[in-house]
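Asks: fold the following, please.
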Amino acid sequence: SGAGKSYWSKIMENSGFRRYSCDNLIAKRLSSELGKNVKSTLNLAKWMGEPYSEGYLEAESLYLKLEAEVLSFICDELESFSIRDGPVVVDTTGSLIYLNKVLLNRLRKLVMTVHLSLPVKKHKELFDAYLLDPKPVIWKGKYLPLKRESQQKTLRRCYRELLTFRNERYALISDCELEYSFHHCPKTRLNKLLEIVTNYSN
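Replies: Have a look, this model is predicted:
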C-alpha cells in the first residue's frame, strides 16, 4: 500500500493499456456494504476496520475470498486474450501473497510480476500516509500487541514488521524488481520503466 502500484498502472492505462484494478473489482462485489460516493479503497478501509476492530477477522476473511474471485476472473479474461487485444496491466492488492499457490502460479503464467521495492527507511513515511489515507490492510495475524502497549503503538510497530515481511514475500514471486529510487523518482518516465521491465523478460 502506497508503493505506487495504482500510480503507475493509471499512467499505463492512459497510455493505452487495459487496466484491471483489483481493489475496484473487490469493492464492486461489496457494493451493498460500501457507499458509492467515496473512492473505493477508502470505503474498503472503513468497512474492514483496524485489526483490533470488532468484526475485522470476518471482514479480512471475506476480502481474501473476494480477492481470489477477482484474480480468477482476471485470469479467465487474460486466457481468452490474444496479442491483438493490446497490452494489459493488473493493479494487484498488497495482499496478493496470501492467495493460494495454484492461483498465484496461474496469474504468473499470464503476466510479468513487477515488485516496486520499498526501503526500510520509508516505512515510517508509509505508516503516516496510511493513517492519513487509510487502505484496507490484511494483517493475517501480524498484529500482535505487547503488554501495556497502546493500540496506536502496536499498530505502528506491527505495520513496519508487516511491510518487512511482505517485502520479502513479494521478492519471491516477482519476475522483476524496481528500486524505490527509480520508480518514485519524478523524472522517471513510463517508456524507461517499460524498457527495464522488458529487458528483465528477455
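
Asks: what is whichever strand or helix holds E60 packed up against?
Replies: Per DSSP states H and E: E60 is located in helix 56-79. Counting contacts by 3 or more Cβ pairs under 8 Å, 6 or more residues apart in numbering; DSSP states H and E, helix 56-79 packs against helix 22-29, helix 40-48, helix 101-110. Yep, even glycine has a C-beta here, placed from its N, CA and C like the rest.

Asks: and Q151, which of those helices is closest to it?
Replies: helix 40-48 (15.8 Å; Cβ to Cβ).

Asks: distance from the chain centre to that closest one, please.
Replies: How far helix 40-48 lies from its chain's middle: 14 Å, per Cα atoms, centre = their mean, to the nearest Å.

Asks: quick one, that helix and helix 56-79 angle?
Replies: Here helix 40-48 points in a direction 140 degrees away from that of helix 56-79 (axes from the mean of the first three to the mean of the last three Cα atoms, to 10 degrees).

Asks: helices or strands up against helix 40-48?
Replies: Against helix 40-48 (3+ Cβ pairs under 8 Å, 6+ apart) you get helix 22-29, helix 56-79.

Asks: out of these, deepest packed?
Replies: Greatest average neighbour count among the helices and strands packed on helix 40-48 goes to helix 22-29 (a mean of 19), per mean count of other Cβ atoms under 10 Å.

Asks: quick one: contacts of that one?
Replies: With contacts defined as Cβ atoms under 8 Å, 6 or more residues apart in numbering, helix 22-29 is touched by 6, 34, 40-41, 43-44, 63, 66-67, 69-71, 73-74, 90-93, 96, 136.

Asks: tell me where the model's unsure across this protein.
Replies: The chain contains residues with pLDDT under 70 at 35-40, 42, 83-84, 202.

Asks: contacts for the helix holding E60 next, please.
Replies: In contact with helix 56-79 (Cβ under 8 Å, 6+ apart) are residues 20, 22, 25-26, 29-30, 44, 47-50, 88, 90, 92-93, 95-96, 98-100, 103, 106-107, 110-111, 136, 138-140.

Asks: and stretch 100-116, which residues are buried?
Replies: Buried residues in stretch 100-116, counted by 16 or more other Cβ atoms under 10 Å: 104, 106-107, 111, 113-116.

Asks: hey, where'd the helices end up in the chain?
Replies: Under the criterion DSSP state H, helices of the chain are mapped to 5-14, 22-29, 40-48, 56-79, 101-110, 123-132, 151-173, 180-183, 190-201.
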